[in-house]
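Asker: for reference, the sequence and a predicted model appear below.
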Amino acid sequence: MFGDPIFILSLLAVFGLIGIWIYQVLQDAITDQSQQTIYIAGLTASLIGIYRIFVNAGDLGSVLLIGSFICLIILMIGILSKNTLLKTTGRGWFVPVFLIFVLRTFIYEPYQIPSGSMIPGLKVGDFILVNKHSYGLKINRIGDPFAFSEDPEYGDVVVFIPPHVNVPYIKRLIGKPGDTVGYLNKKIYVNGEAIPQELVSTANDETFLKETLGNSDRIIRIIGGSASYPEEFIVPANHYFVMGDNRDNSLDSRANGGWFVPLENFVGKGNFIFFSISGDTRFWEFWRWPSNIRYSRIFTKIN
């Protein structure tokens with residue numbers, strides 16, 4: 001994100017516009033017209049920067065931290081200069097921006113399920129909360145934690161940035177560093193041991209199985225018969241192997257000859273669903289919510 005020249009230019013533009021505004025306020029030269037011009041230019045630069053964050057799969061945490069410091073600087077300048085406008089503006093923005101920064105960066109981040117790769121546990125249209133401190137505290141999505149570092153565990157529902165695309169994925173953690181993961185006849189083998197499966201139901205060429213991995217059970221979905229080409233993957237150091245619960249419709253660590261998730265690319269662990277709406281309903285189409293909200297899924301724990 002900070003290597004993107006467009007993002008850096010937009011950030012510098014915002015800094016420059018704030019500096020101009022502070023200077024004009026201190027000189028008592030601010031007018032309604034100049035303030036409106038600064039506001040429009042600042043908003044435009046901010047929107048460009050936010051767009052580049054999403055393009056680069058960056059994290060708003062860094063921007064919120066920078067915003068908190070800017071608000072604090074405005075507040076301190078206002079106190080030192082005894083300028084009421086700067087004090088009021090700085091204080092009014094610092095508290096909410098800093099609280100949002102702490103909440104979103106270190107506690108929970110919302111995430112919308114974009115595909116059916118985790119059916120039946122997670123469906124398109126589910127909105128989940130990702131525990132950002134599951135594997136340690138860090139400001140950027142990608143990078144080593146600066147405190148409380150912990151490794152993901154077998155069976156965790158993990159949100160991460162894959163090594164080949166700048167888009168967050170959500171999958172099930174299957175293999176740890178050094179593991180040998182095999183996939184044969186729709187069954188997973190970790191270091192030669194099959195993950196236990198139990199038949200739940202089968203109909204119309206689709207089968208649901210209860211699978212036990214880690215400290216909990218979950219339901220997975222497979223399509224078709226049991227025949228499949230044997231695959232085996234050795235997980236390299238500091239990397240992890242992930243798979244979707246919808247085994248035959250998931251782009252995961254089995255794809256393209258095998259890919260693995262670096263430890264520093266984990267964003268957090270999916271904890272629970274806080275909202276759910278049918279997959280063909282846009283979030284902003286609020287007039288369709290009453291009939292399309294999946295009430296039974298709201299505030300349910302993710303297994």
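Answerer: Yep, that arrived.

Asker: I'd say Phe35 and Leu17 touch.
Answerer: Residue 35: Gln, not Phe. No - between Gln35 and Leu17 no contact is recorded; they are 10.8 Å apart, counting by Cβ atoms under 8 Å. (Glycine included, C-beta is placed from N, CA and C.)

Asker: find the nearest non-adjacent residue to Ser115, please.
Answerer: Val124 (6.4 Å; Cβ to Cβ, 6 or more residues apart in numbering).

Asker: can you check Asp144 too?
Answerer: Counting by Cβ to Cβ, 6+ apart, Glu264 is the residue found nearest to Asp144 once chain neighbours are left out, at 5.3 Å.

Asker: which SS state does the one you found fall under?
Answerer: Three states are possible here, and by DSSP: H, G, I helix; E, B strand; the rest coil the one that applies to Glu264 is helix.

Asker: end-to-end on stretch 288-303?
Answerer: In terms of Cα to Cα, to the nearest Å, the two terminal residues of stretch 288-303 are separated by 29 Å.

Asker: pLDDT on it, on average?
Answerer: When the per-residue pLDDT values of stretch 288-303 are averaged, the result is 87.

Asker: now what about it, what contacts it?
Answerer: By Cβ atoms under 8 Å, 6 or more residues apart in numbering, the surrounding residues in contact with stretch 288-303 are 121-123, 125-126, 128, 157, 216-218, 270-278, 281.

Asker: mind running it again at 7 Å?
Answerer: Where contact means Cβ atoms under 7 Å, 6 or more residues apart in numbering, the residues beyond stretch 288-303 that reach it are 121-122, 126, 128, 157, 216-218, 270-278, 281.

Asker: please compute how far stretch 98-115 lies from its chain's middle.
Answerer: Centre-to-centre, stretch 98-115 and its host chain are 7 Å apart (Cα atoms, centre = their mean, to the nearest Å).

Asker: okay, buried residues for that stretch please.
Answerer: Taking 16 or more other Cβ atoms under 10 Å as the neighbour-count basis, stretch 98-115 is seen to contain the buried residues 98, 101, 104-106, 108-109, 111, 113, 115.
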